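In: Predicted coordinates and the sequence they were generated for:
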Amino acid sequence: MPELMESSAVLDQVMPWIVKVVLALVIFYVGRKLAKWLSGLLTKQMRKQGLDEMLVRLVGSTAYIALLAVVALAALEQVGVNTTSALAIFGAAGLAVGLAVKDSLSNFAAGVMIVFFKPFDIGHYIEAAGTAGSVVEVGMFNTTLVSPDNKRVVVPNRLIYNDTIVNYSAEATRRVDLVFGIGYDDDIGKARELIESTIAGDERILKEPAAIVAVNELADSSVNIVVRPWVKREDYWPVRFDMIEKVKRAFDENGISIPFPQRDVHMHQIESTAA
């Protein structure tokens, strides 16, 4: 009987703690769902207002983390943790962690700079930090790119912002730079006519600015002609590929040679003399 009473007393002491822990877990679970819903609602409203997609994603992810922190504090308070003391402890720990993860803070700051100064936008094709690809997302700490061969590349924001950024999608037009070499015995005027005729026959090539076709170099084995037509940025690669093939076909059909490096080997026979 005394053991039963002792067990009952222990249960009376433990039961309130169990209830508090369960309630704290419920608060955290429901609060996390609510934080996700609210951050999603915020991003949806920002998109309806026509705000920049990079800003929408950055604010949405930041809001979710902030709400989740509030939910965690509420759950801790439910189990009897003094949130004021917890905030002080978190503040001191945050300072120590901040010093330890300064690179992460640098990435966050660089992400904010990218969003506000907009050196590129979602969907732009860029080259930075030793890689290149189409921008998929600018997060709190990293920027995600997709390479032309469909590889997902995650780059820390600070590496991108502190590096030279080449944005291939910022302008509406691009110049295609090509070089065609012809033989020294070939007719330069004829070659120029064939190239200009190929350019005129492609409707994707813009009339303004006018394409440049000019002799650029007298190389070791060829006369090099530069060809610089202007196109819309989305037509850059199709026009480039087509121009190379069409000019090669035109040269072949009209007897214009495209030299390639050659090496002459002269063999000399040395007669051996008897000793």
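Out: Ah, there it is.

In: can you tell me the average pLDDT over stretch 56-75?
Out: Stretch 56-75 shows a mean pLDDT of 77.

In: buried sites along that stretch?
Out: The neighbour-count check on stretch 56-75 (16 or more other C-beta atoms under 10 Å) flags 56-61, 63-64, 67-68, 71-73, 75 as buried. For glycine as for every other residue, the C-beta is placed from the backbone atoms N, C-alpha and C.

In: This protein - how does it break down into domains?
Out: 14-100, 118-167, 173-253 (automatic domain parsing).

In: what about the strands in the stretch 1-150 of the chain?
Out: 125-128, 131-138, 142-146 (DSSP state E, counting those that start in this stretch).

In: what helices or strands is the shortest one leaning on?
Out: Translated: strand 125-128. Judged by 3 or more C-beta pairs under 8 Å, 6 or more residues apart in numbering; DSSP states H and E, strand 125-128 is in contact with strand 131-138, strand 166-167.

In: Adjacent strands (with direction) for it?
Out: strand 131-138 (antiparallel), strand 166-167 (antiparallel) (DSSP bridges).

In: Check which element follows the shortest one along the chain.
Out: Elements were assigned by DSSP states H and E; along the chain past strand 166-167, the next helix or strand is strand 173-175.

In: Which residues does the helix or strand following that next one contact?
Out: Reading on from strand 173-175 to the C-terminus, the next helix or strand found by DSSP H and E is strand 178-182. Contacts to strand 178-182, defined as C-beta atoms under 8 Å, 6 or more residues apart in numbering, come from residues 188, 191, 195, 216, 219, 221-228, 240, 243-244, 247, 251, 256-259.

In: Swap in 7 Å and give it another go.
Out: 191, 195, 216, 219, 222-227, 243-244, 247, 256-259 (C-beta atoms under 7 Å, 6 or more residues apart in numbering).

In: Could you pull out the buried residues of it?
Out: Buried-residue list, strand 178-182, by 16+ other C-beta under 10 Å: 178, 180, 181, 182.

In: likewise stretch 139-151?
Out: Quick answer for stretch 139-151 (16+ other C-beta under 10 Å): 139, 141, 142, 143, 145.

In: for stretch 107-125, same thing?
Out: Result for stretch 107-125 [16+ other C-beta under 10 Å]: buried residues 107, 108, 110, 111, 112, 113, 114, 115, 120, 121, 124, 125.

In: what would those look like in JSON lines with pLDDT?
Out: Below are these laid out as JSON lines (pLDDT from 0 to 100):
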{"residue": "107", "pLDDT": "88"}
{"residue": "108", "pLDDT": "83"}
{"residue": "110", "pLDDT": "90"}
{"residue": "111", "pLDDT": "87"}
{"residue": "112", "pLDDT": "85"}
{"residue": "113", "pLDDT": "88"}
{"residue": "114", "pLDDT": "90"}
{"residue": "115", "pLDDT": "84"}
{"residue": "120", "pLDDT": "93"}
{"residue": "121", "pLDDT": "91"}
{"residue": "124", "pLDDT": "95"}
{"residue": "125", "pLDDT": "95"}
